[in-house]
Structure formats: C-alpha cells, structure tokens
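Provide a 3D model corresponding to the input given below.
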Amino acid sequence: MAKILVVDDRKVVRDTLKQVLEKSGHTVRLACNGQEALDDYVPEETDLVVLDMFMPVLNGFDALVELRQRHSDVKVLAMSGGGEYVLEDALDEAKNLGAQRVLAKPFQMSELLEAVDDLLVQH
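A predicted model of the protein is given here:
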C-alpha cells in the first residue's frame, strides 16, 4: 500500500488517523506542524501528505505552498475545521494552493479512506 505523511498539531488526530490508515494497510509517518512536515518530507518515502491547515510554527497553507514549489507532483489531502477562517474559505484556499482533495473536520473515517484511495489511484 501507500506511504503517507500525516501532519496535524493535535496528537489525538495524528494518532487516530495513523491507526485508521495503518489498519487499511498503509505505512504512516507523523509530523506535528508544517515545518516538521517539510523537514521530514522525502519524495521516495511519501506517496501522499494528509495536511491540516491550521497549526502553530508553520501552518498548512504555507507548508502546502513550499511542498508544491519543491515537489510539484506531491499529492496532498488538506483537512480543516475552519480555524480562524470560514471552513469553506479555508478549504477553497487549500485547493487554490494545490491540494488535490480536501476534507472538512470532523469527517468520517470512511470519507478519509475514500479520499486517500482516490488520490492514490491518480497518476
């Protein structure tokens, strides 16, 4: 299956997503903010980045821009509960910055797995 980097500042979210994705056969690495994600991102070891948009140190928007500049073919599933933005605006901005799929928090794990599967079959 796929190698996935999950980036979220909330430990409970990271741990839950890791558990669900690993149960589906994926290998999962974790990062707690955008800077850690940039530091840990290795193209050969990452098929997909699941990226929260609102985090301390370096937010998901800035991390997404930097990831896309460094690796134009990176696959990104952005997620947000809205934070300081209206939820739809945050998700629209993530799409505009290059996220191929977005999920509004809270979401069902089946929605996550469907989005991951869809992104992984794209070439």
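
what residue is smack in the middle of this protein?
Val50 (1.7 Å; Cα atoms, centre = their mean).

Secondary structure class of that one, three-state.
strand (DSSP: H, G, I helix; E, B strand; the rest coil).

can you pull the contacts of it?
By Cβ atoms under 8 Å, 6 or more residues apart in numbering, Val50 lies in contact with 4-8, 17, 21, 76-77, 79, 112, 116. Just so you know, the C-beta spots here come from the backbone N, C-alpha and C atoms, and that holds for glycine as well.

if we take these, which one ends up nearest to Gly60?
Gly60 lies nearest to Val7 out of the contacts of Val50, by Cβ to Cβ, at 7.0 Å.

which residues touch that closest one?
30-34, 36-37, 49-52, 55, 60, 63.

With Arg14 instead?
Per Cβ under 8 Å, 6+ apart, neighbours of Arg14: 6, 8, 30, 32.

Which of the helices or strands spans it?
Using DSSP states H and E, Arg14 sits in helix 11-23.

and the angle from that helix to strand 48-52?
Inter-element angle recorded for helix 11-23 and strand 48-52: 160 degrees (by axes from the mean of the first three to the mean of the last three Cα atoms, to 10 degrees).

on that earlier part again, any idea how far the residue nearest to the centre of the chain is from Pro106?
Note on Val50: its distance to Pro106, by Cβ to Cβ, to the nearest Å, is 15 Å.

residues in contact with stretch 111-123?
When contacts are defined by Cβ under 8 Å, 6+ apart, stretch 111-123 is touched by residues 2, 4, 17, 20-21, 24, 26, 47-48, 50, 75, 77, 100-101, 103.

just so I have it, where are all the strands in the chain?
For the chain, strands defined by DSSP state E occupy the ranges 3-7, 27-31, 48-52, 76-80, 101-104.

Please name the residues that touch Ser80.
Ser80 sits next to 52-54, 60, 87, 90-91, 94, 102-105 when contact means Cβ under 8 Å, 6+ apart.
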